[in-house]
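> Turn this into a model:
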Amino acid sequence: MDFPLPHPGPWLASQVAERLGSGRAAERLVQGGLLVRIAHGLYYRLDAWHALGAKERHLVTLRAHFDHHARLSEPGFVYSHLSAARLHGLSLWKPDEFIHVTVPRAPGRSRYRPEVRPHAGHLGSEDRCLVSGLPATALERTMVDSACILQRGAAQIIIDHGLRLGAEPARLEALLDRASGQRGVVTARAAIALGSTLSESPGESLLNWQLNSMPVPTPHQQIEVATRAGRVRVDTGWPAIRRGIEFDGRVKYFAYAPTPEVLLRERQREKALMEEDWRLLRLVWADLFDEAELRRRVDRLLAS
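Now for the predicted structure:
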């Protein structure tokens, strides 16, 4: 059966019904494997939906959700928390798939669809912006709101990336002061206190948080070392004793492509560091989730 609609979507059930002349047309296309329901009353071409990444799917859903409410009335909400984080392009670790919105008054959950998570809060003009034509919380407000509902490591990732994107630390501190006593503020405050523009990937943010939680000397980030091959950088480490940690297989906060040329330069760089008596510990994502073994490896590195 050919796809009977002119573009993949998103489509409202009413739009599908109008085009195909049946109130059950959308559900019949779902049963026929041509459409997928992406939210209540919203549909997308199935094969095209599977071709999208998780971030793109959420952004498509936000756009459809907003268009639906704009048709009914002036939307009385602003996209916030993890939905706003996606709009701002912030890196997220294991985020939920809910549509997060902030509304002026305490929300009655029964008024919202299951996929929507409403939050009550006052938003001043400095807390709002438009991102891709959608109303969203400003970058700093988004960072603080998100960090308050995330686990500690995930909060560190979003804070570090926001700082790299240009978030103002003074504004973050002011928002923390306003939110004092609210749930999750302790986590957000700890992440902001450790926040660093030097973490170049989510993995480096997690690693820096874990190292600072260990009873070891405070590490330095992005250490420049003079070698015969020129000045090279070590992700994190202790320059006084020439020990460092490199995070491999990383997805940079900004574009990173491990081409053969990059891999060759990495080998040459490591050889130059070894000639300067540096010893390196190389880590990958899986190493960050065995805290006891990571602690043992770091202790061995520092004791060697």
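> For the rest of this, base every contact and every neighbour count on C-alpha atoms.
Will do.
> Now for this structure, the helix or strand with the poorest mean pLDDT.
Lowest mean confidence among the helices and strands of the chain (mean pLDDT, DSSP states H and E): helix 260-275, at a mean of 78.
> Please spell out which residues along the helix or strand following it are buried.
Reading on from helix 260-275 to the C-terminus, the next helix or strand found by DSSP states H and E is strand 279-283. Applying a neighbour-count criterion of 16 or more other CA atoms under 10 Å, one finds R279, L280, L283 buried in strand 279-283.
> Now do the helices in the chain.
Along the chain, the stretches classed as helices by DSSP state H are 13-20, 25-31, 46-50, 54-72, 81-88, 139-149, 152-164, 169-178, 185-193, 202-213, 260-275, 291-303.
> Nearest to V234 among the ones you listed would be which one?
Comparing the helices of the chain by their distance to V234 (CA to CA), the top pick is helix 260-275, with 9.0 Å.
> From the chain's centroid, how far away is stretch 154-163?
For stretch 154-163, the distance between its averaged C-alpha position and the chain's averaged C-alpha position is 8 Å (CA atoms, centre = their mean, to the nearest Å).
> could you dump that stretch to CSV, C-alpha only?
As requested, the backbone C-alpha atoms of stretch 154-163 are provided in CSV (Å, rounded to 0.1, in the frame of the first residue of the first chain):
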residue,chain,number,x,y,z
ALA,A,154,23.5,14.0,34.2
ALA,A,155,23.2,17.4,35.9
GLN,A,156,27.0,17.9,35.5
ILE,A,157,26.8,17.1,31.8
ILE,A,158,24.1,19.7,31.1
ILE,A,159,25.7,22.4,33.2
ASP,A,160,29.2,22.0,31.6
HIS,A,161,27.7,22.0,28.1
GLY,A,162,25.6,25.1,28.9
LEU,A,163,28.7,26.9,30.2
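> any low-confidence regions in the chain?
1, 71-75, 106-110, 249-263 (pLDDT under 70).
> quick one, domains of it?
As recorded under automatic domain parsing, the domains making up the chain are 11-51, 71-193, 202-303.
> With distance to H58 added, can I get those in a markdown table?
Compiled in a markdown table, the domains of the chain are given as follows (distance: least, CA to CA, whole Å):
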| stretch | distance to H58 |
| --- | --- |
| domain 11-51 | 9 |
| domain 71-193 | 7 |
| domain 202-303 | 19 |
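> Of the ones you listed, which is nearest F3?
Of all the domains of the chain, domain 11-51 sits nearest to F3, with 6.7 Å by CA to CA.
> with the buried residues of strand 279-283 in mind, which one is nearest to W49?
Nearest to W49 among the buried residues of strand 279-283, with distances taken as CA to CA, is L283, at 34.1 Å.
> list the contacts for the closest residue to the closest one other than its chain neighbours?
Ranked by CA to CA, 6 or more residues apart in numbering and with sequence neighbours excluded, the top spatial neighbour of L283 is F247, at 4.9 Å. Residues near F247 by CA atoms under 8 Å, 6 or more residues apart in numbering: G203, E204, D235, R282, L283, V284.
> gap between F247 and D290?
With the distance defined as CA to CA, to the nearest Å, F247 ends up 15 Å from D290.
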